[in-house]
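>>> what shape does this take:
(chains A and B, ligands or ions: 4)
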Amino acid sequence: MGRKLLLEHADVPGIETFDVYRKHGGYRSVEKALKTMSPEDVVEEVKKANLKGRGGAGFPTGLKWSFLAKPEGVPRYLLCNADESEPGTFKDRYLMEHIPHLLIEGMIVSSYALGSNLSFIYIRGEYLWILEILEKAIAEAYAKGFLGKNILGSGFDLDLRVAPGGGAYICGEETALIESLEGKRGNPRIKPPFPAVKGLWGCPTVVNNVESLATVVPIINDGAEEYTKLGTEASNGTKLISACGNVTRGGVYEIELGLSVEEFIYGDEWCRGIANNKKIKALVPGGSSVPILPAHLITKTAAGENRLMSYESLADGGFASGSMLGSGGFIVFDEDQCIVRNTWNFARFYAHESCGQCSPCREGTGWMEKVLHRLEIGKGNMRDIELLADINKKIEGNTICPLGDAAAWPVAAAIRHFREEFEWHVTHPEDAVKGNYGLLKGVTV
Amino acid sequence: MVKVTIDGIDVEVEAGTTVLNAARKIGGDVVPPAMCYYSKLEGSGGKCRTCLVEVAAGSANDPRPMPKLVASCSTPVQDGMVIKNKTSEKVHVNRGAVTEFLLINHPLDCPICDQAGECHLQDLGYEHGASGTRYEEERRRFDPIDIGNKIKLHMNRCILCYRCVMVANQLTDKRVHGVLGRGDHAEISTYIHNAIENDFSGNMIDVCPVGALTDKTFRFKSRVWFLKPMEATCECTKCSGKAVVWMFGDEIYRVTARKDKYGEVEDNDGKPAWICNDCRFEKKDPAKWNILGPRKINRHSVISANHYELADPNNNSKKVK
Ligand SMILES: Cc1cc2nc3c(=O)[nH]c(=O)nc-3n(C[C@H](O)[C@H](O)[C@H](O)COP(=O)(O)O)c2cc1C
Ligand code: SF4
Ligand code: SF4
Ligand code: FES
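Ligands and ions are numbered 1, 2, ... in the order given. The predicted model follows:
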């Protein structure tokens, strides 16, 4: 365990500068790809590496690339999704802050593979200081001949620009991102057509997460065969995890996929257990939109197997007893926390971030937020719990983009696993106003 | 041409046609309700989700059913596709849910709303709504504002279908209104009151499926069902001059475009017959119009319940007795 492919040199002083980065093997993959590989070879290598998109949905990157339409005479675009706004997720931020050239390197190789001569990094508005870091690094890459015309004499041209958003979670949805980049209101588009056919300015477009694009670098450097030696059979390579909540040592970790959840939470190399000697109560393993897991389903699956940090193991048991790896936003709750309060907090986020285009999400997220708030402050009743379960069923699957589902799932999972906590808020209204379930429970229940 | 089956009825349509338009080709009650789609506005549809249908078979080549309901207004047909609309229990349940969502924040002020009687949300509620509400929270509230000197916006009634934004985008020379904010606090607005002054801006009122945008020259004058809609033409240099004048006795109370049974502006010479603001707001003198005769209302709405004959009573068996 512990092999790093992305963050290996992230702590080297000066790694954010071109020279230091280059000294540590930086930009080798650009040389290799542009000089010895065809664009198709690069796509093939990424396909063989079985890289799953790191933005949350886990869609195979190589497959996505192979769908890109290539009509004659029409430009194609690669867009890097750096909108990272899912509560609990801050891994892309770390990567871009510390080792910006890795993303740029990955984008050059990926743009070459896709035939994009103009690529963009769309970064959330709240990351303005990172925009400066990236622009500085991009300027260096231009100066050193890794961006611009005829890169390394290969005949391949690439311009790379950074575009900041206005600070909307929805602009992380790929078609909303495209709208926003075009200067419009960031509403998700109705699909089809998909971006691979009609994306930015109506041209074929690929949108990939920061980490996905950075991971192309080690895949090209070491080859897919080496890369797939890491991880499990279905989850290859490494993954950045942003750990937060009640762990002793939160932060961004690069793990080899397949590490056990127990090791990750309690191991010395990683989170070092629950802070203040508390017990763990719940885990949201992949960003706020994935189902929450109660204590007994965190380190073991319902079938009694060890739960691993991998796409398949975290999803084991489906929504009944599993969750998802998602974006890698790993949120740990200790015994003092209140699940109702947290569910309300998440619901508030989604209600605030819904773009408002489609009725089930616009109205449903706001409705759930209000009902959850009432429950949390002791003004709910038992009917409300059924109502919430019903509202989220009616949002799920009926919306334009997955934000509706993302808002519905956490509520459904919280009720599924922590129903007694919701009921407690109804039966103990005064206590519910006074404080939070986790802290009060020992005293009053 | 491709063949689709909707609620057991076969229809042949051109490739690329949407499921909704294929259903409209069949007509009658296999047609899903559409609150945001408007065939004459490019890019409309997909938002309200009232038109959701079940795909029981994707196509002849791949006859698997689709796991989710799809928006019929923005889903192109495939050859051999099998669609269930009124015959689908899932559609029934989820359309009811969408109706509920559209109504939870609605003020239900029909008794004082000028749109009452010709409101698509009323129709939808009548057909798919529940008799009570499960919504106990406070409804969102906006003050009514003028968004042009002849147009009133009651944001409380808006369902954010974006049709008016598209009218402004596609019919007027510069768009000065749009959607501000997000989520259930999103609103149609102009930033600056009275900002809209454009020859064709009044068409926003006609495309609005609810009473969010109303004609200030007609406000509170009369319930629409007391008026007689008459087909009329006038000499106009800006538009086709083909309109419907709504009369009470010898007086013209309001002027609208001519709309079909889906509430959409009819075509004139192959183009939508939008009317200009002069015809709509300024010409209330019957002498300025050549009044042709009664307009048949082909919609199953309160408006047609009173004294107008339906053009095709079979289409509307349910509402009009
Ligand atoms: C509401 C919403 C927000 C999203 N936010 C992000 C984001 O911040 N970053 C990201 O990479 N993907 C985000 N996604 C997923 C993107 O739509 C897209 O799937 C992803 O960028 C694809 O990259 P990948 O295949 O490399 O994972 C979001 C999706 C939704 C529905
Ligand atoms: S699901 Fe929500 S965020 Fe997505 S398009 Fe609909 S309203 Fe907007
Ligand atoms: S004002 Fe009317 S037309 Fe405009 S978005 Fe609202 S409901 Fe639609
Ligand atoms: S009419 Fe199809 S979604 Fe509104």
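>>> what does stretch B:244-255 contact?
With Cβ atoms under 8 Å, 6 or more residues apart in numbering or on different chains as the test, stretch B:244-255 has contacts from B:215, B:217-218, B:221-222, B:224, B:226-232, B:243, B:256-259, B:275, B:279-281, B:283-286, B:289, B:291, B:295. Where C-beta positions appear, they are placed from N, C-alpha and C, glycine not excepted.
>>> repeat for stretch A:420-435
A:338-340, A:375-382, A:384-385, A:414-415, A:437, A:440-441, A:444-445.
>>> what's the answer for stretch B:101-110, then?
By Cβ under 8 Å, 6+ apart, the list of residues contacting stretch B:101-110 reads A:359-360, A:362-364, A:366-367, A:394, B:35, B:48, B:50, B:116, B:119, B:121-122, B:124-125, B:129, B:133, B:135, B:137, B:139-140, B:156-157, B:159, B:184.
>>> now it: average pLDDT?
Stretch B:101-110 shows a mean pLDDT of 95.
>>> on that earlier part again, now the contacts of stretch A:420-435: which count as buried?
A:338-340, A:375-376, A:378-380, A:384-385, A:414-415, A:437, A:440-441 (16 or more other Cβ atoms under 10 Å in any protein chain shown).
>>> now, those residues that are in helices?
A:339, A:340, A:375, A:376, A:384, A:385, A:414, A:415, A:437, A:440, A:441 (DSSP state H).
>>> just give me the closest of those residues to ligand 3.
Distances from ligand 3 to these, taken as Cβ to the nearest ligand atom, are shortest for residue A:384 (29.5 Å).
>>> what residues are up against that closest one?
Residue A:384 makes contacts with A:371, A:374, A:375, A:426, as judged by Cβ under 8 Å, 6+ apart.
>>> look up how far residue A:370 lies from the residue lying closest to the third one once chain neighbours are set aside.
With sequence-adjacent residues excluded and distances taken as Cβ to Cβ, 6 or more residues apart in numbering or on different chains, residue A:375 is closest to residue A:425, at 5.0 Å. Between residue A:425 and residue A:370 the distance is 15 Å, computed by Cβ to Cβ, to the nearest Å.
>>> neighbour count winner among the two?
For residue A:425 versus residue A:370, the count of surrounding residues by other Cβ atoms under 10 Å in any protein chain shown is larger for residue A:425: 27 against 20.
>>> secondary structure class of the more buried one, three-state.
The three-state label given to residue A:425 by DSSP: H, G, I helix; E, B strand; the rest coil is helix.
>>> what secondary structure does the residue in the stretch 151-300 of chain B positioned nearest to ligand 4 sit in?
In the stretch 151-300 of chain B, the residue found nearest to ligand 4 is residue B:161; the distance is 6.9 Å by Cβ to the nearest ligand atom. For residue B:161, the assignment made with three-state DSSP gives coil.
>>> hmm, it is touching residue B:41, no?
No - contact criterion Cβ atoms under 8 Å: residue B:161 and residue B:41 do not qualify, at 10.0 Å.
>>> how far does stretch B:291-299 sit from the chain's center?
18 Å (Cα atoms, centre = their mean, to the nearest Å).
>>> apologies, that question was intended for stretch B:106-113.
17 Å.
>>> list the buried ones in it?
If you call a residue buried by 16+ other Cβ under 10 Å, then stretch B:106-113 has these buried ones: B:106, B:107, B:110, B:113.
>>> equivalent analysis for stretch A:161-170, please.
For stretch A:161-170, a neighbour-count test (16+ other Cβ under 10 Å) marks A:162, A:164, A:165, A:168, A:169, A:170 as buried.
>>> same question, stretch B:173-188
Residues of stretch B:173-188 classed as buried by neighbour count (16+ other Cβ under 10 Å): B:175, B:176, B:177, B:178, B:179, B:182, B:183, B:184, B:186, B:187, B:188.
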